[in-house]
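S.K.: Requesting a structural model of the entry that follows:
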Amino acid sequence: MDKGIEYILEVARCGGITKAAENLFITPSALSKFVQAREAELQVKLFHRVGKRFVLTQAGEYYVQKIGEIEPVSYTHLTLPTKLEV
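M.R.: Numbering: from 1, shown residues only. Below is the predicted model:
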């Protein structure tokens, strides 16, 4: 999985930067900067900041939903045949 996608999903799952950064083995400031950069790249806010909590916006929910639909498809080309025909 792309690290950028993994980072956004972990923040969404944890609901905050500190725990997500801990789980991803990076600093909270690095993760926060990444989220800000991704939002700037997409030109949309993915999270509402409510104190220390990060809550998905409607756009963020859509982004996470689409990642869930796309990610399994991206690995289908890695499936190896179970039986080799000679």
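S.K.: drop to CA atoms for contacts and neighbour counts, all remaining ones
M.R.: OK.
S.K.: where exactly do the helices run in this protein?
M.R.: Taking DSSP state H, the helices of the chain run over residues 3-14, 17-24, 28-42, 58-74.
S.K.: among those helices, which is nearest Lys52?
M.R.: Of all those, it is helix 17-24 that lies closest to Lys52, at 7.8 Å by C-alpha to C-alpha.
S.K.: who wins for proximity to Val50 among the helices of the chain?
M.R.: Closest approach to Val50 among those is made by helix 17-24 (11.8 Å; C-alpha to C-alpha).
S.K.: Can you pull out the residues in contact with that closest one?
M.R.: For helix 17-24, the surrounding residues in contact (C-alpha atoms under 8 Å, 6 or more residues apart in numbering) are 7, 10-11, 13-14, 27-28, 31-32, 52-54.
S.K.: who wins for most neighbours among the residues you listed?
M.R.: In terms of neighbours by other C-alpha atoms under 10 Å, the contacts of helix 17-24 top out with Val11 at 25 neighbours.
S.K.: hang on, that one packs against Arg53?
M.R.: No - using C-alpha atoms under 8 Å, Val11 is not in contact with Arg53, being 9.5 Å away.
S.K.: Would you convert the helices of the chain into TSV that also reports distance to His48 and mean pLDDT?
M.R.: TSV is the format used below for these (distance: least, C-alpha to C-alpha, whole Å; pLDDT from 0 to 100):
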stretch	distance to His48	mean pLDDT
helix 3-14	11	94
helix 17-24	12	97
helix 28-42	11	96
helix 58-74	9	84
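S.K.: Let me see the contact set for Ala12.
M.R.: So Ala12 contacts 54-56 (C-alpha under 8 Å, 6+ apart).
S.K.: From those residues, which land in strands?
M.R.: 54-56 (DSSP state E).
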